[in-house]
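Trainee: Based on what follows, work out the 3D shape:
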Amino acid sequence: MRSISARAPLALLLALPLLAGCLERGRSPIAESMGDDDQYCQANGKVAVGSPEYVACRKDRDVQRQNAEVRTDRRQRDLGEYMMNNPDRH
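Mentor: This is a model prediction of the structure:
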């Protein structure tokens with residue numbers, strides 16, 4: 001029979017893929033799908049960094065991202081509520 005100290009590395013090895021998911025917490029898939037705000041707001045070199053147009057563009061992108069995240073969170077919550085209220089349906 002293996003000792004407890006021999007099982008610890010094996011348990012850690014099996015838990016690593018689960019822990020790797022925690023590292024991605026905080027990264028929004030929506031933010032990643034929207035691309036680079038700086039590059040978007042400086043499209044074709046028309047807007048200089050720090051100009052009022054650039055600042056407005058970055059604020060607009062932030063609002064768009066926040067609205068998309070709110071919609072996604074609401075859909076997820078609604079799905080969870082639906083599943084809780086209708087356990088017999090798949």
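
Trainee: which other helices and strands contact the top helix by length along the chain?
Mentor: Using DSSP state H to define each element, the chain has its longest helix at helix 52-85. Using 3 or more Cβ pairs under 8 Å, 6 or more residues apart in numbering; DSSP states H and E, the elements in contact with helix 52-85 are helix 29-34, helix 37-41. (Glycine included, C-beta is placed from N, CA and C.)

Trainee: For the protein, which element, helix or strand, carries the lowest mean pLDDT?
Mentor: helix 29-34 (a mean of 62; mean pLDDT, DSSP states H and E).

Trainee: one step back: how about the longest helix of the chain, which residues are buried there?
Mentor: Residues of helix 52-85 classed as buried: 54, 57, 61, 65, 68 (neighbour count, 16 or more other Cβ atoms under 10 Å).

Trainee: how far away is the closest residue to the first one other than its chain neighbours from Glu53?
Mentor: Okay, so that is Tyr54. Leaving aside its sequence neighbours, Tyr54 sits nearest to Val47 (Cβ to Cβ, 6 or more residues apart in numbering; 4.8 Å). Val47 sits 5 Å away from Glu53, going by Cβ to Cβ, to the nearest Å.

Trainee: Please apply the same query to Asp73.
Mentor: Look at Asp73 and Glu53: by Cβ to Cβ, they are 31 Å apart.

Trainee: and the gap between Arg65 and Asp37?
Mentor: On the measure of Cβ to Cβ, Arg65 and Asp37 end up 8 Å apart.

Trainee: before we move on, what about Gly80?
Mentor: Separation of Gly80 from Asp37 (Cβ to Cβ) stands at 31 Å.

Trainee: again, but for Asn67
Mentor: As judged by Cβ to Cβ, Asn67 and Asp37 stand 15 Å apart.

Trainee: Same question for Gln66.
Mentor: From Gln66 over to Asp37 (counting by Cβ to Cβ), the distance is 13 Å.

Trainee: Equivalent analysis for Tyr82, please.
Mentor: Tyr82 sits 34 Å away from Asp37, going by Cβ to Cβ.

Trainee: same deal with Val55?
Mentor: Val55 is 11 Å from Asp37, by Cβ to Cβ.

Trainee: Equivalent analysis for Thr72, please.
Mentor: Distance of Thr72 to Asp37, given as Cβ to Cβ: 18 Å.
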